[in-house]
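Chemist: Here is a sequence together with a model predicted from it:
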Amino acid sequence: MIYVFFGVIALALVLAGIRFVIGPTTSDRVVALDTMTTISTALLVLLGLFFKRYIYIDVALIYGVLGFVGVLTVARYLEGGL
């Protein structure tokens, strides 16, 4: 059952990566990158539970916060606020 979860997450990462590459606007690419960050965070949590290495969950939390701050920074830059 866990392999099904890994497969679904891998498929979601691939689809978000395709949107990132072919996104017609910069906003589409930023949203795709944020989606990939969220999916990667879920993958890290799942790996932490699967391998019983709870340090992965801490890494996932930090990765999620840094991804959020990065998206806010890019959004401010695109709006002309920086």
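Modeler: Nice, thanks for sending it over. Numbering: from 1, shown residues only.

Chemist: Every contact and neighbour count from this point should use C-alpha atoms.
Modeler: Fine.

Chemist: What ranges does the protein have for its helices?
Modeler: 2-22, 26-51, 55-79 (DSSP state H).

Chemist: can those helices go into TSV with extra columns for mean neighbour count and mean pLDDT?
Modeler: What follows is these, written out as TSV (neighbours: other C-alpha atoms under 10 Å; pLDDT from 0 to 100):
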stretch	mean neighbour count	mean pLDDT
helix 2-22	14	92
helix 26-51	18	92
helix 55-79	15	92
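
Chemist: L47 versus R53, what's the distance?
Modeler: In this view, R53 and L47 are 8 Å apart by C-alpha to C-alpha, to the nearest Å.

Chemist: swap in A60?
Modeler: 10 Å.

Chemist: Also V4?
Modeler: 13 Å.

Chemist: Same question for V14.
Modeler: On the measure of C-alpha to C-alpha, V14 and L47 end up 18 Å apart.

Chemist: Next: T41.
Modeler: With C-alpha to C-alpha as the criterion, T41 and L47 are 10 Å apart.
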